[in-house]
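Novice: requesting a structural model of the entry that follows:
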Amino acid sequence: MLDWLESISIAVWLRESPSIWANPTVLTLHTTGMGVLVGASWLLDLRLLGVGRTTPLPAFRWVFTAVALGLMLNLVTGVLLFLKNATTWGTAIPFLIKMSLVVASAATLIPIRTYVMNSGDSQVEVNGTTRLLAMVSIVCWTGAVTAGRLLAYLVP
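Specialist: Numbers count the residues shown, from 1 in each chain. I've put the predicted structure just below:
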């Protein structure tokens, strides 16, 4: 299966084309999506941990739109980047760690979103469970970004 994925025409084009529209553009879009996704997520996580606590939680509802856009961009570009190296990355420990951490990070967003969307307009003290989710989110996103970056150095 991994051999087949790596042999489809778009994977070959991304891997072998000297065009700026191939791998460089996909990698740039992936990095941009990651910046939006992780940056917006961290912004909310830090607020949940008490940074800027004078700003009401409803002011952060826009974060979920940014996170969704960044996640969708990274899903598309991530699949493209995976295709060009499927046989190598499909079994690489750093890649599997990265994907596990991305799933864990995204999973923290579901209860956090529910909490923020139901927070109302009053100044609400953030509960312990939500603070713990924010900490887990920060650790997981940091680990996912690190594991993804290490792919370039640890996987031939």
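
Novice: run through who's touching stretch 129-143.
Specialist: The contact list for stretch 129-143 (C-beta atoms under 8 Å, 6 or more residues apart in numbering) reads 38, 41-42, 44-46, 48-50, 97-98, 101-102, 104-105, 108-109, 111-112, 115. For every residue, glycine as well, the C-beta is placed using N, CA and C.

Novice: what do you get if the cut-off is 10 Å, keeping everything else the same?
Specialist: The contact list for stretch 129-143 (C-beta atoms under 10 Å, 6 or more residues apart in numbering) reads 34, 37-39, 41-42, 44-50, 57, 97-98, 100-112, 114-116, 119, 124-127.

Novice: try stretch 87-103
Specialist: 1-7, 34, 37, 71, 74-75, 78, 81-83, 85, 139-156.

Novice: hmm, try it at 8 Å
Specialist: 2-3, 5-6, 82, 140-141, 143-144, 147-148, 150-151, 154-156.

Novice: which ones among those are found in strands?
Specialist: Taking DSSP state E, every one of the contacts of stretch 87-103 sits outside strands.

Novice: and those residues, which is closest to residue 28?
Specialist: Comparing the contacts of stretch 87-103 against residue 28 with C-beta to C-beta places residue 148 closest, at 14.5 Å.

Novice: quick one, phi/psi of the nearest residue to residue 13 once chain neighbours are set aside?
Specialist: Excluding its sequence neighbours, the residue lying closest to residue 13 (C-beta to C-beta, 6 or more residues apart in numbering) is residue 22, at 5.9 Å. Torsion angles at residue 22 (phi, psi; degrees, to the nearest 10) stand at phi -90, psi -120.

Novice: any low-confidence regions in this structure?
Specialist: 122-123 (pLDDT under 70).
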